[in-house]
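A.B. asks: need a structure here:
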Amino acid sequence: MKEIPLRIEIGDWASLSRDAASVRQTVFVEEQGVPPELEMDDQDAHCVHVVAYGPDDAPLGTGRLLPDGHIGRMAVHKQARGAGVGGAILGALIEVGRDAGHAELLLNAQTHATGFYQAQGFVAFGETFLDAGLPHVAMRLRLADDPAV
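C.D. replies: Sure thing, here's the model as predicted:
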(Lines give C-alpha, C1' and ligand atoms only; values in the text may rest on other atoms or scores of the structure.)
Protein backbone atom coordinates (compact mmCIF):
# COMPACT_ATOMS: atom_id res chain seq x y z
CA MET A 1 0.00 0.00 0.00
CA LYS A 2 1.22 3.48 -0.84
CA GLU A 3 2.14 5.81 2.02
CA ILE A 4 -0.48 8.44 2.72
CA PRO A 5 -0.03 12.00 4.00
CA LEU A 6 -0.40 12.09 7.77
CA ARG A 7 -0.80 14.64 10.50
CA ILE A 8 0.65 13.44 13.82
CA GLU A 9 -0.71 14.83 17.08
CA ILE A 10 1.11 14.29 20.38
CA GLY A 11 -0.70 15.10 23.59
CA ASP A 12 -2.36 13.98 26.78
CA TRP A 13 -5.48 11.86 27.22
CA ALA A 14 -7.69 14.89 27.78
CA SER A 15 -6.86 16.26 24.33
CA LEU A 16 -6.69 13.02 22.31
CA SER A 17 -9.00 10.59 24.14
CA ARG A 18 -11.93 10.74 21.72
CA ASP A 19 -9.88 9.82 18.66
CA ALA A 20 -7.47 7.43 20.40
CA ALA A 21 -10.32 5.55 22.09
CA SER A 22 -12.22 5.34 18.80
CA VAL A 23 -9.29 3.66 17.03
CA ARG A 24 -8.65 1.31 19.96
CA GLN A 25 -12.33 0.35 20.15
CA THR A 26 -12.37 -0.54 16.45
CA VAL A 27 -9.05 -2.42 16.36
CA PHE A 28 -8.87 -4.13 19.74
CA VAL A 29 -12.49 -4.65 20.77
CA GLU A 30 -14.34 -5.03 17.46
CA GLU A 31 -11.62 -6.53 15.23
CA GLN A 32 -9.60 -8.58 17.72
CA GLY A 33 -12.29 -9.40 20.27
CA VAL A 34 -10.52 -7.93 23.30
CA PRO A 35 -13.05 -7.37 26.11
CA PRO A 36 -13.64 -3.60 26.57
CA GLU A 37 -12.84 -3.83 30.28
CA LEU A 38 -9.35 -5.14 29.42
CA GLU A 39 -8.71 -2.60 26.67
CA MET A 40 -9.46 0.51 28.72
CA ASP A 41 -7.36 0.98 31.85
CA ASP A 42 -6.41 3.64 34.37
CA GLN A 43 -3.03 4.31 32.74
CA ASP A 44 -4.26 6.57 29.93
CA ALA A 45 -4.35 9.69 32.11
CA HIS A 46 -0.62 9.24 32.85
CA CYS A 47 0.58 8.62 29.29
CA VAL A 48 1.70 10.65 26.32
CA HIS A 49 -0.58 9.74 23.41
CA VAL A 50 0.00 9.91 19.67
CA VAL A 51 -2.79 9.92 17.07
CA ALA A 52 -2.20 9.84 13.30
CA TYR A 53 -4.77 11.56 11.10
CA GLY A 54 -5.28 11.01 7.39
CA PRO A 55 -5.82 13.65 4.69
CA ASP A 56 -9.52 13.87 5.61
CA ASP A 57 -8.62 14.41 9.32
CA ALA A 58 -10.01 10.99 10.27
CA PRO A 59 -7.98 9.23 13.01
CA LEU A 60 -6.12 6.27 11.47
CA GLY A 61 -3.97 5.02 14.33
CA THR A 62 -2.80 5.59 17.87
CA GLY A 63 -0.25 4.58 20.49
CA ARG A 64 0.85 5.67 23.95
CA LEU A 65 3.99 5.96 26.06
CA LEU A 66 3.76 5.29 29.78
CA PRO A 67 5.96 7.27 32.20
CA ASP A 68 8.15 4.18 32.77
CA GLY A 69 9.09 3.90 29.08
CA HIS A 70 6.59 1.26 27.98
CA ILE A 71 4.92 1.76 24.61
CA GLY A 72 1.43 0.35 24.37
CA ARG A 73 -1.98 0.38 22.74
CA MET A 74 -0.46 0.64 19.25
CA ALA A 75 -3.39 0.31 16.86
CA VAL A 76 -3.95 1.17 13.19
CA HIS A 77 -7.23 0.86 11.31
CA LYS A 78 -7.17 -2.13 8.98
CA GLN A 79 -7.58 -0.04 5.81
CA ALA A 80 -4.55 2.10 6.75
CA ARG A 81 -2.10 -0.74 7.51
CA GLY A 82 0.95 -0.85 5.29
CA ALA A 83 0.71 2.87 4.52
CA GLY A 84 3.31 4.13 7.02
CA VAL A 85 0.82 4.97 9.78
CA GLY A 86 2.22 2.60 12.41
CA GLY A 87 5.79 3.63 11.64
CA ALA A 88 4.92 7.31 12.00
CA ILE A 89 3.20 6.71 15.34
CA LEU A 90 6.04 4.55 16.64
CA GLY A 91 8.62 7.08 15.47
CA ALA A 92 6.83 9.85 17.35
CA LEU A 93 6.65 7.72 20.51
CA ILE A 94 10.37 6.89 20.25
CA GLU A 95 11.19 10.60 19.99
CA VAL A 96 9.00 11.37 23.01
CA GLY A 97 10.81 8.62 24.95
CA ARG A 98 14.21 9.89 23.87
CA ASP A 99 13.29 13.46 24.82
CA ALA A 100 12.10 12.20 28.22
CA GLY A 101 15.55 10.69 28.84
CA HIS A 102 14.63 7.00 28.71
CA ALA A 103 17.61 4.71 28.16
CA GLU A 104 15.35 2.10 26.58
CA LEU A 105 11.76 1.64 25.52
CA LEU A 106 9.79 -1.54 26.12
CA LEU A 107 6.63 -2.95 24.58
CA ASN A 108 4.62 -6.14 24.44
CA ALA A 109 4.01 -6.91 20.77
CA GLN A 110 1.36 -9.19 19.38
CA THR A 111 3.44 -11.94 17.80
CA HIS A 112 2.15 -11.24 14.28
CA ALA A 113 3.60 -7.70 14.57
CA THR A 114 7.13 -8.54 15.73
CA GLY A 115 8.56 -8.01 12.22
CA PHE A 116 7.19 -4.46 12.19
CA TYR A 117 8.88 -3.65 15.51
CA GLN A 118 12.13 -5.41 14.56
CA ALA A 119 12.30 -3.21 11.45
CA GLN A 120 12.23 -0.21 13.82
CA GLY A 121 15.14 -1.60 15.88
CA PHE A 122 13.25 -3.43 18.64
CA VAL A 123 14.60 -6.79 19.84
CA ALA A 124 12.42 -9.57 21.28
CA PHE A 125 13.29 -11.13 24.63
CA GLY A 126 11.68 -13.72 26.89
CA GLU A 127 8.97 -16.23 26.18
CA THR A 128 5.71 -15.76 24.32
CA PHE A 129 2.77 -15.07 26.65
CA LEU A 130 -0.95 -14.38 26.41
CA ASP A 131 -2.41 -10.93 27.00
CA ALA A 132 -6.17 -10.51 26.55
CA GLY A 133 -6.11 -13.99 25.01
CA LEU A 134 -3.65 -13.00 22.26
CA PRO A 135 -0.01 -14.20 21.98
CA HIS A 136 2.55 -11.48 22.74
CA VAL A 137 6.31 -11.17 23.14
CA ALA A 138 8.26 -8.54 25.07
CA MET A 139 10.53 -6.29 23.00
CA ARG A 140 13.00 -3.51 23.77
CA LEU A 141 14.72 -0.68 21.96
CA ARG A 142 17.92 0.68 23.48
CA LEU A 143 18.15 4.46 23.20
CA ALA A 144 21.35 4.92 25.22
CA ASP A 145 24.81 3.69 24.32
CA ASP A 146 25.33 2.25 27.82
CA PRO A 147 25.74 -1.54 27.34
CA ALA A 148 24.51 -2.11 30.91
CA VAL A 149 21.03 -0.89 29.92
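
A.B. asks: next structured bit after the helix or strand Asp19 falls within?
C.D. replies: Using DSSP states H and E, Asp19 sits in helix 13-24. Next helix or strand after helix 13-24 toward the C-terminus (DSSP H and E): helix 36-39.

A.B. asks: same question for that following helix: list its buried residues.
C.D. replies: By neighbour count on 16 or more other C-beta atoms under 10 Å, the buried set for helix 36-39 is Glu39. Just so you know, the C-beta spots here come from the backbone N, C-alpha and C atoms, and that holds for glycine as well.

A.B. asks: please renumber the chain so that the first residue is 651 from this point on.
C.D. replies: Done: numbering now begins at 651, and the last item shifts to helix 686-689.

A.B. asks: any idea of the mean pLDDT for it?
C.D. replies: What helix 686-689 shows for mean pLDDT is 88.

A.B. asks: helix or strand next in line after that helix, which one?
C.D. replies: With DSSP H and E, the next secondary element past helix 686-689 is strand 698-703.

A.B. asks: chain center to that next one, what's the gap?
C.D. replies: Chain-centre distance of strand 698-703: 9 Å, with C-alpha atoms, centre = their mean, to the nearest Å.
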